[in-house]
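Peer 1: Just need the structure, nothing else, for what follows:
(2 chains)
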Protein chains: 2
Amino acid sequence: MKNGGVKYRQFVLPLLLGVIIWLATPLRPTSVSEAGWHILAIFVATIVGCITRPVPIGAVAVIGFTVTVLTKTVSMETALTGFSNASIWLIVMAFFISRGFIKTGLGRRIALNFAKLFGKRTLGLAYSLIAVDLVLSPAMPSSTARAGGVVYPIIDALANAFGSSPKKHTERKMGSFLIFSEFHGNIVTSAMFLTSMAGNPLAQLLAKSQGIHITWLGWLFASIVSGILSLILIPLIIYKIYPPEIKTMPEVKPWAQQQLAEMGAITMKEKLMMGIFLLALVLWTTGSVTAIDATLTAFIALSLILMTGILSWDDVLHETGAWNTFTWFSVLVMLADQLNKLGFIPWLSHTIATALNGLNWIVVLVVLCLAYFYSHYLFASATAHISAMYLAFLGIAISSGVPGMLAAMMLGFFSNIFGSTTHYGYGPAPVLFGSGYVTQKEWWNLNAILGVVYIVIWLGIGTLWLKVIGYW
Amino acid sequence: MKNGGVKYRQFVLPLLLGVIIWLATPLRPTSVSEAGWHILAIFVATIVGCITRPVPIGAVAVIGFTVTVLTKTVSMETALTGFSNASIWLIVMAFFISRGFIKTGLGRRIALNFAKLFGKRTLGLAYSLIAVDLVLSPAMPSSTARAGGVVYPIIDALANAFGSSPKKHTERKMGSFLIFSEFHGNIVTSAMFLTSMAGNPLAQLLAKSQGIHITWLGWLFASIVSGILSLILIPLIIYKIYPPEIKTMPEVKPWAQQQLAEMGAITMKEKLMMGIFLLALVLWTTGSVTAIDATLTAFIALSLILMTGILSWDDVLHETGAWNTFTWFSVLVMLADQLNKLGFIPWLSHTIATALNGLNWIVVLVVLCLAYFYSHYLFASATAHISAMYLAFLGIAISSGVPGMLAAMMLGFFSNIFGSTTHYGYGPAPVLFGSGYVTQKEWWNLNAILGVVYIVIWLGIGTLWLKVIGYW
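Peer 2: Here you go, the predicted model:
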């Protein structure tokens, strides 16, 4: 760890790529502005820097930010707007709320009860946690609140109770598997209901502008087969390719009962935390009626946690995972946002459209879905990606002869499953990744494999299913 | 410290005041919107909460933020903009840069050299530090960069070298006095030159719109007597009313020399830190030519500090002072900003103007200056205050018969010295206060006393001086 842990050789690749793209600016497509090409160079260098990791990704992000403003690619004022993004503050709050679960012992108590009920097999635990997510999903459109605010605190407490923690380098015992399973469980539940992810109604709205009407039940009918198949298969696949070290615990029931007995009666602080959590749950599920958005709910929860003394302000300040994720994610969101605003993404969509001109509609649908999926490496938010590409791609599909409803639904599903790519591409990712249970290399590699599975299930089987139910 | 340190009785006063003002909404002046009156209630409750401190001010700020959005006084989107303020990020960066000074030992080395040269008397040390600020001030319009980026790291290292630290409850030994003296030294140097505070050229511009032309030398001529008098007197007064425990150190020279000898030769890391610091200094002083603003310079410095391994990313995440100040200051800036935008501040200016109608011009000048000074309790930035009130007050002054140049200069000076009020009212305040050397009670009380001294010197003696040099 000399040089304060800086690995200078790892700077070479990101710098080289960045410089090459930057120098290629005169060769750029005419519709992309100079700044739009420069931001591509900085974005690519930053992302590759997040992979080669000469310094931790927070530091890579700070350097990326500095270069962006220093080269006048983006003004300081605009660059700083990433720090005032409501979705990011929801993520930050999720870390604090989770700390409240852990500090009071409530998380441990819930975890032990989960262990008692479903803990004989780690795989069973994963399914039970995903079931929690599934039950909440139709009524809680913030997938980040579900994964980060509800399920993550339980997983963190569970893993801790079983001695699995990134701080002790024992994350693979159980925590890594549960975190990654929930990440994917959350992706699937998000894709299943019109109201389980904030971007879905946006897709619905955009489809309507093309004369395609998607109802709540219509979405569910279309998603149900691929959804259930994914919910069953994906955790199994993760279990095979990224297994937990603790797989079975035959004695877990008496052990958990004993631990619970040792914990004694539920304390006042735990009751308060439970009350705050239930309030947050109610507010999250009734958000569309009360107009209290998910981030505000999280702020309310944190305020109550602080006022009741469950957490001290010092606890909040020392929750470094929150500040870390806040910094790097804000910068990546800003860069990805500018990639769109400065013209690169529009050019990319247009280029794909042109290339598809005159092909068979099945080929067009496949290529569009793949392009939509893999271009998600360039985005730091599902909603941003939908806003940038959904309508253009739907238009291309329809004009190439793809049945409208089929195209609209497929792109809608892919607006969720493309979450199976990066650690910054989809709200729950920064929270679950930021917890430190899964390394970035694992995150990218495993997601790359699972991405293919999703494509087969949702595009392959899903298309057939839509034929069966007469959607085309 | 039961209830996690929450002092419930201290919630009563802020809540009571907030509720009373809120309930008085129907009685509000007609020109203030309902939201404008509500934000006043929240602002007052938050500030009083910062004083009674039921929970630390960061937590008070989070609660204030939550109430603001929950009551729909301000939208979530607008409320979050406080977190993307460039001045605030400069403050955050100042904390990190300071950590680089401390960690490398460079801060200690510079501090020991200061101690060797000026350390016989603590008062002498304070004067020498203010001299550093004074020398930089004409060329460095960011008073925050001067106080936070340059002088603060030296003070922190000095205090540490003498065993004075808030973490050990020994801050009064030396650190508190030096921090508070520099805060006031910085206020005075800011008032002395047209180019030593970002708001001064704004005042100049606003004065021009009233046909009053202020030149760089003209400003200096007007400020020089009050400025020099303040630079001499203010540290002396602080020395009397807020003395350091260590006042003289006859043996400091051999001691410092011995400590320096023990430190050995300057290390590579120290050299790097020195190089980065000098680069930042050059960029800060040439900012108006290079168009590299103070915040960007600080980001460049942090990027280099991270790339050279002077600080690890983990050091940055554990610099809780930065995250603390970031949170509470962002919220207060947002609240103060909305106080202006939602109509309360415009109403206040207008009311004062009406009340002054037809009075003797000397009375008008005095009342205006006092109102300008004390209304600064409502602001979280000098520039914001200038933007909101300077022109209105100058207009009232001129139409009441105050000589134009006298009014313009006085309001210009007061745009700096009103910094002698709160811990959130003026860029350098959050950094120096956030360091923890001075309690909030001390900060407010001492500033209240020194505020009177400033008013006597700048308004009293200053007005006479402007007569002597023929400005009126």
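
Peer 1: Looking at the stretch 351-472 of chain A, which residue is nearest chain B?
Peer 2: Residue nearest to chain B within the stretch 351-472 of chain A (C-beta to the nearest C-beta): residue A:434, separated by 11.5 Å. Every C-beta, even on glycine, is put in place using the N, C-alpha and C of the backbone.

Peer 1: continuing past the strand or helix carrying residue A:59, what's the next helix or strand?
Peer 2: According to DSSP states H and E, residue A:59 maps onto helix A:57-70. Counting by DSSP H and E, the element after helix A:57-70 in chain order, helix or strand, is helix A:76-80.

Peer 1: May I see the buried residues of that next one?
Peer 2: Taking 16 or more other C-beta atoms under 10 Å in any protein chain shown as the neighbour-count basis, helix A:76-80 is seen to contain the buried residues A:76, A:78-80.

Peer 1: Near chain B, list only the ones from those.
Peer 2: Applying C-beta under 8 Å from any C-beta of the partner chain, the subset of those adjacent to chain B comprises A:76, A:80.

Peer 1: nearest to chain B, of the buried residues of helix A:76-80?
Peer 2: Here the nearest of those to chain B, counting by C-beta to the nearest C-beta, is residue A:80; it sits at 3.9 Å.

Peer 1: how about the CA coordinates for the helix holding residue A:59, as PDB?
Peer 2: As requested, C-alpha coordinates have been extracted for helix A:57-70 and formatted as PDB (Å, rounded to 0.1, in the frame of the first residue of the first chain):
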ATOM      1  CA  ILE A  57     -14.200   4.700  -7.500                       C
ATOM      2  CA  GLY A  58     -15.100   7.700  -5.400                       C
ATOM      3  CA  ALA A  59     -11.700   9.200  -6.200                       C
ATOM      4  CA  VAL A  60     -12.000   8.200  -9.800                       C
ATOM      5  CA  ALA A  61     -15.300  10.100  -9.900                       C
ATOM      6  CA  VAL A  62     -13.700  13.200  -8.300                       C
ATOM      7  CA  ILE A  63     -11.000  13.200 -11.000                       C
ATOM      8  CA  GLY A  64     -13.600  12.700 -13.700                       C
ATOM      9  CA  PHE A  65     -15.600  15.500 -12.400                       C
ATOM     10  CA  THR A  66     -12.600  17.800 -12.200                       C
ATOM     11  CA  VAL A  67     -11.500  17.000 -15.800                       C
ATOM     12  CA  THR A  68     -15.100  17.600 -17.000                       C
ATOM     13  CA  VAL A  69     -15.200  21.100 -15.600                       C
ATOM     14  CA  LEU A  70     -11.600  22.000 -16.200                       C
END
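
Peer 1: for it, which positions count as buried?
Peer 2: Neighbour-count burial for helix A:57-70, with 16+ other C-beta under 10 Å as criterion, is recorded at A:57-69.

Peer 1: Does the one helix or strand residue A:324 maps to reach chain B?
Peer 2: Of the helices and strands defined by DSSP H and E, residue A:324 is found in helix A:320-341. Yes: counting by C-beta under 8 Å from any C-beta, chain B has neighbours in helix A:320-341: A:320, A:323-324.

Peer 1: Quick check: mean pLDDT of the next helix or strand after that helix?
Peer 2: The first helix or strand that comes after helix A:320-341 along the chain, using DSSP H and E, is helix A:344-355. With pLDDT averaged residue by residue, helix A:344-355 scores 88.

Peer 1: by how many degrees do helix A:344-355 and helix A:320-341 diverge?
Peer 2: Angle of helix A:344-355 versus helix A:320-341, following axes from the mean of the first three to the mean of the last three C-alpha atoms, to 10 degrees, is 50 degrees.

Peer 1: If I look at residue A:295, what pLDDT would I see?
Peer 2: Note on residue A:295: pLDDT of 92.

Peer 1: quick one: it and residue B:76 touch, right?
Peer 2: Yes: applying C-beta atoms under 8 Å as the test, residue A:295 and residue B:76 come out as touching, 6.0 Å apart.

Peer 1: Tell me, how many residues neighbour residue A:346?
Peer 2: The number of residues packed near residue A:346 is 17, by other C-beta atoms under 10 Å in any protein chain shown.

Peer 1: my read: it touches residue A:31, true?
Peer 2: Yes: in this structure residue A:346 lies within contact range of residue A:31 using C-beta under 8 Å: 7.3 Å.

Peer 1: any shared contact partners between residue A:295 and residue B:76?
Peer 2: Between them, residue A:295 and residue B:76 have residue A:86 as joint contacts when contacts are counted by C-beta atoms under 8 Å, 6 or more residues apart in numbering or on different chains.

Peer 1: Return the residues in contact with residue A:38.
Peer 2: A:22, A:25, A:71, A:73.

Peer 1: host element of the first one?
Peer 2: Spelled out, it's residue A:22. Taking DSSP H and E as the criterion, residue A:22 maps to helix A:12-23.

Peer 1: List the buried residues of that helix.
Peer 2: Of the residues in helix A:12-23, those buried (16+ other C-beta under 10 Å) are A:14, A:17-18, A:21-22.
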